[in-house]
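Asker: only the shape, not the letters, is given here:
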């Protein structure tokens, strides 16, 4: 098993429990504006949001359009009449406070840093949200820097995104870098595009029916321990 010096972690679904943060933020905002939030509303929102993110990856919509369109479409579907832009701003504020960590995230980050290695976050999320969540999180002190696609102008898995990241971290051989993420099509494909080793965090035990092959596969962040400690 190879040892690595720089760890590029995806944020949502890898270090942070985005699903929990999303539900928490939606509940708060719906209650704040006096609207009823139900499981059906959550499912409708997630379907709309997922479709918009897929369109964003294909450059069919912009990130600015996505932010508002997800609530415009949702409100049309559930018969709510309110300003989607204002609602989105409140939602993003609450989402940014949802710094819930995936099981094992704190310990693995602490252990990586204790071994004099570096951690960077690579994410397709939104600048304001990700900056806030990292700031509020228990792992803030362990993160050397973070790279958000909205700021860079390119998204994972595009090679341009990773070229930007590599140009803004310490100069080191690619063989000393490991990408960790929960998405085959975004994180692992990005690693393959950039010729960087990748580790698929497959907590749910999903079957890989794609032609995207990670260098490694783990079911929990604890399994990253083997990539940290040098034996020579």
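Answerer: It's in. What you are looking at is a predicted structure, and each value in this text was computed from that prediction instead of being measured.

Asker: break this protein down into its structural domains.
Answerer: Per automatic domain parsing, the domain ranges recorded for the chain read 6-16+101-227, 18-96.

Asker: tell me which of the ones you listed sits most buried.
Answerer: domain 6-16+101-227 (a mean of 18; mean count of other C-beta atoms under 10 Å). Where C-beta positions appear, they are placed from N, C-alpha and C, glycine not excepted.

Asker: I'd like the domains of the chain written out as TSV, with mean pLDDT added.
Answerer: Converted to TSV, the domains of the chain look like this (pLDDT from 0 to 100):
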stretch	mean pLDDT
domain 6-16+101-227	96
domain 18-96	95
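
Asker: okay, how far is it across stretch 198-207, tip to tip?
Answerer: End-to-end distance for stretch 198-207: 17 Å, by C-alpha to C-alpha, to the nearest Å.

Asker: oh, I was asking about stretch 95-104
Answerer: Stretch 95-104 has an end-to-end distance of 21 Å (criterion: C-alpha to C-alpha).

Asker: next one: that stretch to chain centre, how far?
Answerer: With C-alpha atoms, centre = their mean, to the nearest Å as the basis, stretch 95-104 stands 11 Å off its chain's centre.

Asker: the chain should start at 43 in everything you say after this.
Answerer: Let's use 43 as the start, then, which means that last one is stretch 137-146.

Asker: isn't residue 133 right up against residue 113?
Answerer: Yes: with contact defined as C-beta atoms under 8 Å, residue 133 reaches residue 113; the gap is 7.5 Å.
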